[in-house]
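Participant: Fold the following for me, if possible:
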Amino acid sequence: MSATEAASQAAAPHEAGRDYFASLARWKVWEILFWATLAGCYFFPDIDRMLMSRVIIWGLFAMSLDVLLGYRGIPSLGHAVFFGVGAYVAGFLGKFGWTEPISGLFFAMFVAGALGLVMGKLVQRVTGVGLLMVTLGLNLIVFDFVLRSTELTGGDDGLQGIVIAPVLNYFRFDIWGRTAFWYAFVVAFVLFVVTRMLLKSPFGLALIGARENPRRMLTLGAPVEGDVSRAFMIAAALAGAAGALLTQTTQTAAPTYLSFQRSADVLVILIIGGAGRLYGGFIGAIVFILLQDYVSALSPVYWYFWIGLLLVIIVSFFRKGLLPSVEQLYDRLRSRKSAGPPG
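Facilitator: Numbers count the residues shown, from 1 in each chain. Here you go, the predicted structure:
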């Protein structure tokens, strides 16, 4: 065997690997249509743009949990702590003079990501019920601190006097949500693209491998425990960005952002849309927030009953969520069509 042939055989696995990840990263038509449709919602007649910006923010929040639960298999009952930390950091900046929104957003992401890294270090070897208790405990500790620190955080009233400058010194936030919609959309899309690139890379494949069979990944020499810390850091930074977006677009920061109910709501959103798909969080946010807005207008007291009923129906008939169920149905129809009529 010549040196050229040996070199080509040695390079073949690397080329195959590059081709595989290139195929994973390739955008599908329905993905482009999804984002184009979401952007086109701005032009719908009589659309509530503030409500749609909230849908986008909650979709980003649910996507951050999807990195942990859907891709790494780490459940969390305290994910709202990162959302709330991002919201309060952005609020503190706006209250004390740092009113520029984009740099404030990145700083909020940095703080929330740092907290996520610390949290990931703490739970590297914790699994099951213990992991749920640790994440819930952190959520309750931070929530109680925010409630009791009246002079620092405003307590039950939240932060007052938050000022956010126009985006790029030109696009001012208004009560109609015109700037809020596009600001939330652009930030969510950019963060989605970055997250998608990470999860369609060897790092994302390692997360899925550790979710499915952590012992085998350890025998292969994969840094399973280190991946937990990195997954927490990425998820926390994304959740912090969602919290900062909510504060900047509404110029409010309330302790409810850190409550256990927020953690439960985002988990429900992800279950509705489907975990492990990235888009599941956005699909779930569209269904949850729009249904919440409609039902709460009909029944301000008992609206959560209908949300619970929807969750029961989805879990009963769409075991993996709406998006995976639609994908399975589409694949089944394609296979029947390709097979042709029975001979």
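Participant: hey, let's count contacts and neighbours off CA atoms from now on
Facilitator: Fine.
Participant: Could you check the pLDDT of Arg178?
Facilitator: In the predicted model, Arg178 carries a pLDDT score of 86.
Participant: How about Gly343?
Facilitator: pLDDT, Gly343: 49.
Participant: could you point out where the protein is predicted with low confidence?
Facilitator: 1-24, 214, 218, 220-226, 337-343 (pLDDT under 70).
Participant: longest helix of it?
Facilitator: Counting residues, the longest helix found in the chain (DSSP state H) is helix 224-250.
Participant: ok, now how distant is the residue lying closest to Thr179 once chain neighbours are set aside from Pro101?
Facilitator: Excluding the flanking residues, the one nearest Thr179 by C-alpha to C-alpha, 6 or more residues apart in numbering is Phe173, at 5.3 Å. With the distance defined as C-alpha to C-alpha, to the nearest Å, Phe173 ends up 11 Å from Pro101.
Participant: So those two - more neighbours on which side?
Facilitator: Higher neighbour count among Phe173 and Pro101: Pro101, with 24 against 20, using other C-alpha atoms under 10 Å.
Participant: ok, the more buried one to Ala241 distance?
Facilitator: 11 Å.
Participant: Which strand or helix spans the residue nearest the centre of the chain?
Facilitator: With distances taken as C-alpha atoms, centre = their mean, the residue of the chain nearest its centroid is Met63 (2.0 Å). Following DSSP states H and E, the helix or strand that holds Met63 is helix 49-66.
Participant: And the residue nearest to the centre of the chain, how far from Ala188?
Facilitator: Taken as C-alpha to C-alpha, the span from Met63 to Ala188 is 10 Å.
Participant: ranges for the helices of the stretch 201-343 of the chain?
Facilitator: 202-212, 214-219, 224-250, 260-273, 279-298, 303-317, 322-339 (DSSP state H, counting those that start in this stretch).
Participant: Quick one: list the elements packing against the third one.
Facilitator: Spelled out, that is helix 224-250. helix 49-66, helix 80-95, helix 101-122, helix 178-199, helix 202-212, helix 214-219 (3 or more C-alpha pairs under 8 Å, 6 or more residues apart in numbering; DSSP states H and E).
Participant: Need those in CSV (columns: distance to Leu246).
Facilitator: Rendered in CSV, the data for these read as follows (distance: least, C-alpha to C-alpha, whole Å):
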stretch, distance to Leu246
helix 49-66, 7
helix 80-95, 7
helix 101-122, 10
helix 178-199, 9
helix 202-212, 28
helix 214-219, 36
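Participant: That concludes my questions; thank you for your assistance.
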